[in-house]
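In: Provide a 3D model corresponding to the input given below.
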Amino acid sequence: MSRFFVLVVCVWIIAGAFAADSPAQIEQMKPQVLFENQDFAVIPLSRLRGQRFEDRLFSGLIVSRGHSEASTLPREVWEVSSPRLGSERYYWAESARRNQLTAVGPSESGFLIVPKTTKPLSRKIFASDLPDVFRQSVGLDIQSIASLVAESESGKRPGQIQQDRARAGLEDLSFKSDWFSSNGANSARLSPLVDVVARTLGRTGVVVQHCTVWYVALAWADDKSHWMRFNQFSSPTSQSIPVGLYEMWANHDGRDGTKSKVGVGDDLKPRKHVDLDAP
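Out: Here you go, the predicted structure:
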């Protein structure tokens, strides 16, 4: 396989960042990617200069720094409420043009993180009138994806934990987006919070009492600072939790049970019952 063909294939992989161009057109543009894996590509906005990019369509997460909030955003770009690192601000761009991306601030301090998927996210997941706890969960997903910039910018390859975290964050955003889309017009009237009822069971299926039940957003499962506990002991015990993907587990007498991946909201019902292994 020739080196030229390999280069064409690699650039074609990030074609989700562009409008429908032929492989030859994409090869001619040669975007200078800071970091790339099977899920994302990180591109500085400063490397998208030039007339040939003005009419190209891009989508993904914009990480911008050191500027005041844009007074007017293009319709295809919206700000995301999220825990910020220093002066960073986050925006999601859906099918926006290059000159619209730079409307959020100077291109010299901006980065575009392109998901390698053609599936668009519903704008509803970023709405400002949603419950704070849901918006915080969205913000954590955005933060997990934005973390790819820091290492890439310094010339290092993000570690596997960061890459896995970013992938899980995007998976959770897609899950939330699907929840809104599946509820259709009703989603505007429904709360994206689900009453999760957890039972803690022993090996024989007998209910085990006085367990603590823990949960954490899938993207942050390895970070204890993001672990959350149900307010009351089992069993059962319930907690209002934002729609999304989580790990959940029971702890009894200081020992953790098996951790389970739980899709809160996967059945589109306001209440979800979960059985967890008690150690």
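In: so the protein: which segments form each domain?
Out: 3-186, 193-277 (automatic domain parsing).
In: pLDDT weak spots in this protein?
Out: By pLDDT under 70, the weakly predicted segments of the chain are 1-31, 50-52, 66-71, 82-86, 105-108, 118.
In: all strands in the protein, in order from the N-terminus.
Out: 35-36, 40-44, 57-64, 77-80, 89-97, 110-115, 193-201, 212-217, 228-229, 237-242, 244-252, 255-256, 260-264, 271-277 (DSSP state E).
In: who does the first one pair up with?
Out: Translated: strand 35-36. Strand 35-36 has the following sheet partners, assigned by DSSP bridges: strand 40-44 (antiparallel).
In: buried residues in the partner strand, which are they?
Out: 40, 41, 42, 43, 44 (16 or more other Cβ atoms under 10 Å). For every residue, glycine as well, the C-beta is placed using N, CA and C.
In: pretty sure residue 246 is touching residue 220, no?
Out: No - using Cβ atoms under 8 Å, residue 246 makes no contact with residue 220, being 9.8 Å away.
In: of those two, which one has the most company?
Out: residue 246 (25 against 21; other Cβ atoms under 10 Å).
In: show me what contacts the more buried one?
Out: 215, 216, 217, 218, 261, 262, 264 (Cβ atoms under 8 Å, 6 or more residues apart in numbering).
In: count of residues packed around the fourth one?
Out: So that's residue 218. 22.
In: how far away is it from residue 165?
Out: 9 Å (Cβ to Cβ, to the nearest Å).
In: what's the angle between the biggest helix by length in the chain and strand 110-115?
Out: If you go by DSSP state H, the chain has its longest helix at helix 160-183. Angle of helix 160-183 versus strand 110-115, following axes from the mean of the first three to the mean of the last three Cα atoms, to 10 degrees, is 70 degrees.
In: if you count contacts, what does helix 160-183 end up packed against?
Out: Counting contacts by 3 or more Cβ pairs under 8 Å, 6 or more residues apart in numbering; DSSP states H and E, helix 160-183 packs against helix 132-153, strand 244-252.
In: and these as a markdown table, adding distance to residue 234?
Out: Listed next are these as a markdown table, based on distance: least, Cβ to Cβ, whole Å:
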| stretch | distance to residue 234 |
| --- | --- |
| helix 132-153 | 22 |
| strand 244-252 | 7 |
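In: which of those is buried the deepest?
Out: Of these, the one with the most neighbours on average (mean count of other Cβ atoms under 10 Å) is strand 244-252, at a mean of 23.
In: list of residues touching stretch 221-230?
Out: 140, 161, 165, 168, 198, 212-217, 220, 237-239, 247, 259.
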